[in-house]
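Undergrad: here is the input, now give the coordinates:
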Amino acid sequence: MIKPLLLITLGLGLASPLHSATPGTVRFVDGVEIDAEILFVHPHAKVLIVRSPSHAIAQSLPLAEIASVTQDGKTTSYSAPRSLTEEEKITREKNSLGGNDVGAGQLGHYAKETWDKAPLIVWAKPGESGDAMVAASWLDESGQPLQESPWKSSDAPKDKKKPELATLAFGGDVLLPAADTPYKAIQSGNRDRLEAAAIRHLTVENNAAYNVRYTILGNLWMKRGSSIGDKTQTGGLGGDSLDKNRFARFSNNDSKLEPAWAYAEEISHWVYIDGGDNGSLEIIGTSGGAGDRLTHRRGTLIMSEDSYIGNGPRGSFFSQEGTTTILLDGARLGCASPLVADSRATYGIGGTLMFGTPERPLKKDLRFEGVYFDEAKINPDAVPNQRTSGASFVLGMTGQMKVHSSDPAKARVIFCPRSKNLPVLQYSVPKEAMQFCKRGPDKGILPPDPELWTAPGIPQTIAAVFRGATKFDGVMFEGFGKGTIIVNGSERKAWKNVFFGENAAEPDELFRNP
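TA: Here you go, the predicted structure:
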């Protein structure tokens, strides 16, 4: 039985006299409890600032949903027990209660990671936009106004095109709490000339926007209703020498258009993923990713079940040599469009690409979708890079693809085209066919008219160049044309459980040697 609670009305303006930065328990109004490091009640917002016990992430919790907080044997009460509203239930389910919670669809290596205690800065006035580079915009982890700017000059080499070589650095975590009114933490200046600012963990919550050229060395949590990276040239996820297991949790995609992943918001113009030589980053949820290039530089990238991170139509998802990229059931990568500019590939794989793992094999078909490609522009010698071209799928000489399936006859990797019902950017089609592309009120881009796909110059098949190792056991090819799969004959002979969907040629005619 829950005892009656003494309700406390907080006058905003002074930080709550909680015992700052000590372990405690937060009990929500519906009876759910979590352990946390209790920091302070925000002086300008009706939220409690907490940090996970492992220092993996910070967040704010609305006082209206908190029944009590217990720390050092003392209980402070806030709101009476009740059921959550439908909106509160949706938000909790979408956000999760803790950023490092592990759901059924995640590998969850990040949950076992511990982090050193580090400083935390919290936006001083949620609901009011301001200059993110000045002290007055921030509170410290005790709820007091910051006395000096947190951004210091970095010792890293100065290279503005490499976000891991940030020219500014703050050796701690950043939190933009939820607010009733939208607000922005702004780094002023020209997008191409902004200094990259390195931090450890970042949490951005409802109605908050972190518009800073960022390098996030630790964990990222974008809660429902948040955004980052607007008008920034690059964004970095990872990038230091620590071999840590990180997460990037995207709970912010609330697109009303279907499929939602095709309309997900971008997080910067270019995005670089760097897990360190032996570290990892797990993507949880749906993100538009890069507006242009998405590059996996080091370590292991894990795409959790039904997750997605994309990029724009002028670049490819590019994994460098030595990296490992893992796609679990239902995961997706790369540009969402079925047509892209300049004969770009959807994927340029220089490292290892794994579909499932030995411990977590595919349990159902996984659609690995590429852009339609002009057969006359296929390049058998295509090389993966940030602007990969030459085919829809390009596996470089240093790369390899592996399929781990629970049943290779039923849980297959299906190499196939993106749906023709997805949005197409106007400049990715011939000028004479632009009349069949249209713009809408939401993200501005909508699926083209069906007539586009009968217009001259629009490709009707996809293409693949496999120059590296292909350990295929449970694959299907669909949407290819005559001679549009380039692979060494000896490599192909080792494949097992190979299936063919609807193609523009007979199965044996689809293949040709390099």
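
Undergrad: max-length helix in the protein?
TA: Longest helix in the chain by number of residues (criterion: DSSP state H): helix 86-95.

Undergrad: mind listing the strands the helix or strand just after that one pairs with, and their directions?
TA: Where DSSP states H and E defines the elements, the next helix or strand beyond helix 86-95 is strand 120-123. The strands beside strand 120-123 in its sheet (DSSP bridges) come out as strand 138-139 (antiparallel), strand 173-176 (parallel).

Undergrad: isn't Pro23 right up against Val50?
TA: No. Between Pro23 and Val50 there is no contact under C-beta atoms under 8 Å: 10.3 Å. Glycine gets a C-beta too; all of them are placed from N, C-alpha and C.

Undergrad: and those two? which has more neighbours close in?
TA: Set Pro23 next to Val50 and count neighbours by other C-beta atoms under 10 Å: Val50 wins out with 24 against 13.

Undergrad: what helix or strand does that one sit in?
TA: Element membership for Val50, per DSSP H and E: strand 47-51.

Undergrad: list of residues touching the helix or strand following that strand?
TA: Downstream of strand 47-51, the next assigned helix or strand under DSSP H and E is strand 58-62. The contact list for strand 58-62 (C-beta atoms under 8 Å, 6 or more residues apart in numbering) reads 26, 39, 42, 45-52, 98-99, 120, 122, 173, 175, 177-178, 201, 203, 205, 221, 223.

Undergrad: and the strand holding Val50, what does it pack against?
TA: strand 33-41, strand 58-62 (3 or more C-beta pairs under 8 Å, 6 or more residues apart in numbering; DSSP states H and E).

Undergrad: returning to what we had before: between the longest helix of the chain and strand 58-62, how big is the angle?
TA: Counting by axes from the mean of the first three to the mean of the last three C-alpha atoms, to 10 degrees, helix 86-95 lies at 170 degrees to strand 58-62.

Undergrad: just name the most buried of the strands paired with strand 120-123.
TA: Ranked by mean neighbour count, the strands paired with strand 120-123 are led by strand 173-176 with a mean of 27 (mean count of other C-beta atoms under 10 Å).

Undergrad: how far off centre is that strand?
TA: Relative to its parent chain, strand 173-176 has a centroid offset of 18 Å by C-alpha atoms, centre = their mean, to the nearest Å.

Undergrad: got it, and stretch 232-243?
TA: In terms of C-alpha atoms, centre = their mean, the centre of stretch 232-243 is set 13 Å apart from its chain centre.

Undergrad: how long is it from one end to the other?
TA: Using C-alpha to C-alpha, to the nearest Å, the end-to-end distance of stretch 232-243 comes to 27 Å.

Undergrad: mind listing what's buried in it?
TA: Within stretch 232-243, the residues that count as buried by 16 or more other C-beta atoms under 10 Å are Thr232, Gln233, Thr234, Gly235, Gly236, Leu237, Gly238, Gly239, Asp240, Leu242.

Undergrad: give me the three-state assignment for the fifth one.
TA: Here Gly236 is recorded as strand under DSSP: H, G, I helix; E, B strand; the rest coil.

Undergrad: that one touches Arg213, doesn't it?
TA: No. At 9.1 Å, Gly236 and Arg213 do not qualify as touching, with contact defined as C-beta under 8 Å.

Undergrad: tell me which stretches of this protein form helices.
TA: Here the chain has its helices, by DSSP H, at 86-95, 489-493.

Undergrad: same question for the longest one, mean pLDDT?
TA: Per-region confidence: helix 86-95 scores 96 on mean pLDDT.

Undergrad: would you mind measuring from Gly291 to Ser77?
TA: Taking C-beta to C-beta, to the nearest Å as the measure, Gly291 and Ser77 are separated by 47 Å.

Undergrad: show me which of these two is the more surrounded one.
TA: Taking other C-beta under 10 Å, Gly291 and Ser77 do not tie; Gly291 has more neighbours (22 against 17).

Undergrad: the more buried one contacts Ala264, doesn't it?
TA: No. Under the criterion of C-beta under 8 Å, Gly291 is not in contact with Ala264, lying 11.4 Å apart.
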